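Peer 1: For reference, the sequence and a predicted model appear below.
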Amino acid sequence: MLKNKGFIIFFIIFLVGVFIYGLAKLLLLRFEAGDVYPPYSSLRTDPLGTKIFYEGLDNLDSVSIDRNYNELSMLVGNENKTIFYFGLSPANLKEFDVDSFRALETLVSTGSRCVISFYPMRRKDVRSSIFKSEDTKTGENGGDENDSEKLFDKENESRKLKEKARKLGLTSELHIVNILSASYWNIKFEYIQLSKADNTAEKSENIKNASLDILPESISWHSGLVFKDIDPLWQIIYEYKNKPVIIERKFGTGSIVISTDSYFVSNEAMRVERHPPLLAWLIGDKKKIICDETHLGVQKNPGIGTIARNLRLHGLLAAIMVLAVLFIWKNASSFIPPHDDEELIVKDLFSEGKDYSAGLTNLLRRNIPQADIIQTCYKEWKKSCLHDRWNLMDKLNRIEKIVKSENARSNNVNDIVSSYKRICRILDKRR
């Protein structure tokens, strides 16, 4: 029976292990596909990801690359680095707080390089972003004047800045202006409709190199978002229809590059339209490269397991597990083998087909020697039945004689039974 029970427990543990293994395998396959991550994440392996760019740099000995899952302020240090923000939506700029912009300003002004590339924007995307004016202006002829929309409408911007100030408990609109990068860096956006490409599902255009001879003369562009009325401090790198789409500016000893498209770093572009000079220029002369994931919503939320791993508590956890297994084993089976007599008692007491009286008989048989049966019965009867019963004194004397004569005899079973019957006849006789 114990062997069958152990087999069942082992089988259940085996089934649970197989289930956990299969579930883990399915999750790993899902994550290896990469589409669980946002577009332009360096963890994504399909055409919309940037993992090829990340792993390509990771294979180089001259540079080191890593991902950032923590707050931007944790990247501040002495080492100059290039930080990539791929696939940033203009609407995400409102999520940047004062601390993030101060950390970014500190990084750039001390020699780091920040590269921000926006998610390829369509007109419907722009209308849902924070840059679109909520009040659509209509001309005298009833037509829509937002063909070239001013994404930073003054009145709308002022209202939003006040709302942001109230949320953060700030009293000065200048602090909120510093939060919105477009106002902070003196740039504006607008949307230009891309030319319709026949028989293609994706709209794209070629943009032209405006200033740097080391870069490709033209590359394809998949976003209608362009810059407008930029500050002269910004250098135009590429432009589309005389509108800047990639710009660069020096800040202190560092620099910032902003692009309105991220296609050129995608896995698809790495396969069909690779531009190594452009990618090398984006990296610059930095030896440390960081691909930020927090702006895409991919962050680390350390739990007990992460803390234990960081503190190297593997040995302690393994020891606790071993103690738990030993405790279960100790309570499941006895290390001391049972005594032979105990086995017989258990066998007699729990034999099938016997009631409690048979068990009591077996118990008495184990504890009272055969020669003492009559003497023991006499003592128990005398203690329980002779209290204030003087009429039984005659019977008591006669029974006591029988008991004494029985003690003098040999321990014969027939003599014991005969003596017991004589005593019973004396007790049954009425006076």
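Peer 2: Structure's in. What do you need? Residues are numbered from 1 along each chain as shown.

Peer 1: Show me where the stretch 301-431 of the chain has its helices.
Peer 2: 304-310, 314-332, 340-349, 356-367, 373-385, 393-408, 413-428 (DSSP state H, counting those that start in this stretch).

Peer 1: just for the stretch 251-400 of the chain, where's the confidence low?
Peer 2: Judged by pLDDT under 70, the stretch 251-400 of the chain has its weakly predicted residues at 301-303, 333-356, 359, 386-391.

Peer 1: wait, I meant the stretch 51-200 of the chain
Peer 2: 78, 90-98, 122-184, 195-200.

Peer 1: where along this protein do the strands fall?
Peer 2: 64-68, 81-88, 113-118, 188-191, 205-209, 218-221, 225-228, 235-240, 243-251, 254-259, 288-292 (DSSP state E).

Peer 1: wait, which of the ones you listed is closest to residue 39?
Peer 2: strand 81-88 (5.3 Å; Cβ to Cβ). Glycine gets a C-beta too; all of them are placed from N, C-alpha and C.

Peer 1: Need the CA coordinates for that closest one. PDB is fine.
Peer 2: Extracted C-alpha coordinates of strand 81-88, given in PDB (Å, rounded to 0.1, in the frame of the first residue of the first chain):
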ATOM      1  CA  LYS A  81      27.300  57.300 -23.900                       C
ATOM      2  CA  THR A  82      24.900  57.300 -26.700                       C
ATOM      3  CA  ILE A  83      21.200  56.800 -25.700                       C
ATOM      4  CA  PHE A  84      18.600  55.700 -28.300                       C
ATOM      5  CA  TYR A  85      14.900  56.400 -28.000                       C
ATOM      6  CA  PHE A  86      13.400  54.400 -30.800                       C
ATOM      7  CA  GLY A  87       9.700  54.600 -31.800                       C
ATOM      8  CA  LEU A  88       8.800  57.400 -29.500                       C
END
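
Peer 1: Packing partners of that strand?
Peer 2: If you count contacts as 3 or more Cβ pairs under 8 Å, 6 or more residues apart in numbering; DSSP states H and E, strand 81-88 packs onto strand 113-118, helix 276-283, strand 288-292.

Peer 1: Compare these and report which one is nearest to residue 214.
Peer 2: helix 276-283 (5.7 Å).

Peer 1: Show me what the closest one is in contact with.
Peer 2: For helix 276-283, contacts defined as Cβ atoms under 8 Å, 6 or more residues apart in numbering pick out 53, 57, 63, 82, 84, 113, 115, 212, 214-216, 219, 257, 264-265, 289.

Peer 1: In a markdown table: the helices and strands packed on strand 81-88, plus distance to residue 44.
Peer 2: Output for these, formatted as a markdown table (distance: least, Cβ to Cβ, whole Å):
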| stretch | distance to residue 44 |
| --- | --- |
| strand 113-118 | 15 |
| helix 276-283 | 18 |
| strand 288-292 | 11 |
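
Peer 1: Of all the ones you listed, which one is nearest residue 38?
Peer 2: strand 288-292 (12.0 Å).

Peer 1: List the buried residues for that closest one?
Peer 2: For strand 288-292, burial by neighbour count (16 or more other Cβ atoms under 10 Å) applies to 288-292.

Peer 1: a markdown table for these, including distance to residue 105?
Peer 2: Below are the buried residues of strand 288-292 laid out as a markdown table (distance: Cβ to Cβ, whole Å):
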| residue | distance to residue 105 |
| --- | --- |
| 288 | 19 |
| 289 | 20 |
| 290 | 16 |
| 291 | 20 |
| 292 | 16 |
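
Peer 1: which of those lies closest to residue 230?
Peer 2: For those, the nearest to residue 230 is residue 292 (23.6 Å; Cβ to Cβ).

Peer 1: Surely that closest one touches residue 83?
Peer 2: Yes. Applying Cβ atoms under 8 Å, one finds residue 292 in contact with residue 83, separated by 6.1 Å.

Peer 1: any common contacting residues for the two?
Peer 2: residue 68.

Peer 1: Return the distance of residue 57 relative to residue 29.
Peer 2: 26 Å (Cβ to Cβ, to the nearest Å).

Peer 1: quick one, which of these two is more surrounded?
Peer 2: For residue 57 versus residue 29, neighbours defined as other Cβ atoms under 10 Å are more numerous around residue 57 (18 against 9).

Peer 1: Help me confirm that that one comes into contact with residue 288.
Peer 2: No. At 10.8 Å, residue 57 does not count as touching residue 288 under the criterion of Cβ under 8 Å.
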